[in-house]
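K.L.:
Here is my input, please return the structure:
(one chain, ligands or ions: 1)
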Amino acid sequence: MRSIVPREKIIVALDVPTKAAALELVAQLGSEISFFKIGLQLYTAEGPEIVRAVLAAGAKVFLDLKLHDIPNTVAKAVESASQLGVQMLTIHLTGGAEMIRAAIAGRKNNMSILGVTVLTSANEQTLRETGVSDKIDNHVLRLAKLGVTTGIDGVVASPHEIKMLRAEFGDQIKIVVPGIRPSWSEPGDQKRVMTPREALHAGADYLVIGRPIVTHPQPREAIARIFDELSALS
Ligand code: C5P
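P.N.:
Residues are numbered from 1 along each chain as shown. Predicted coordinates for the structure are as follows:
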């Protein structure tokens, strides 16, 4: 089995509307969690200042902007993100090889660039609407192969895709997995969920967990329960 160090494998999604709320969570959880995800909601509200503030608190940042634009624009945005000092950034692999190569060329340091294949909110109907007639798994694998051959560092994947991706790419890529629900939490709008334990067993490198922690009345208690559940693994 892969070696498991749960604390370093959990990324808390700061899906809150303001800098104040985000920094309050970082302060509350900082002794337990060292990696936080800043996504479109918080970034659009607070801009790069919130990224600098979380980094200044001593944490690592996964900037989940899911970039998808013309290659030159993506390259420049990647350059800005790497200058901010974040550890991981997402791009959409549907942007194609030229855009992915431009993203990688835009990076100015060792920031990891992760590819999004098919969003976990999408189903086959969504693929049909956008002109893709293949099954979701085939399309995920096709996009992941495109990303790996053009040099990305990892992918964001649904928990149910982990095994397929590990079988195809081994340890060549990082696999970062949202859609995680501890057994005691509500699934919300996430449809095909796994527990933290199941996802790490399947081979995930990092788990992204939002609402089970962020909307819990006692976020530290939620983290403690997750660690308890995982400690049985190590
Ligand atoms: O609250 P929850 O644990 O569902 O949060 C999951 C986080 O991961 C959210 O920030 C969401 O935007 C993100 N995400 C996702 N599915 C993807 C990519 C990112 O749920 N395919």
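
K.L.:
any idea where the strands of this protein begin and end?
P.N.:
Secondary structure of the chain, counting by DSSP state E: strands at 10-13, 35-38, 60-67, 88-92, 112-116, 154-156, 174-177, 206-209.

K.L.:
Please put the alpha-carbon coordinates of the second one into PDB.
P.N.:
This means strand 35-38. In PDB, the C-alpha atoms belonging to strand 35-38 read as follows (Å, rounded to 0.1, in the frame of the first residue of the first chain):
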ATOM      1  CA  PHE A  35      -2.900  23.300   2.500                       C
ATOM      2  CA  PHE A  36      -5.900  25.400   1.500                       C
ATOM      3  CA  LYS A  37      -7.800  25.700  -1.800                       C
ATOM      4  CA  ILE A  38      -8.900  29.100  -3.100                       C
END
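
K.L.:
Check which helices and strands the least confident helix or strand in the chain by mean pLDDT sits against.
P.N.:
In the chain, no helix or strand scores lower on mean pLDDT, DSSP states H and E than helix 6-9, which sits at a mean of 84. Counting contacts by 3 or more Cβ pairs under 8 Å, 6 or more residues apart in numbering; DSSP states H and E, helix 6-9 packs against helix 196-202, helix 219-231. Where C-beta positions appear, they are placed from N, C-alpha and C, glycine not excepted.

K.L.:
Show me what it is in contact with.
P.N.:
Helix 6-9 is contacted from outside by 32-35, 196, 200, 204-207, 226-227, 230-231, 233-234, using Cβ atoms under 8 Å, 6 or more residues apart in numbering.

K.L.:
let's see 7 Å
P.N.:
With Cβ atoms under 7 Å, 6 or more residues apart in numbering as the test, helix 6-9 has contacts from Glu32, Ser34, Leu200, Asp205, Tyr206, Leu207, Phe227, Leu230.
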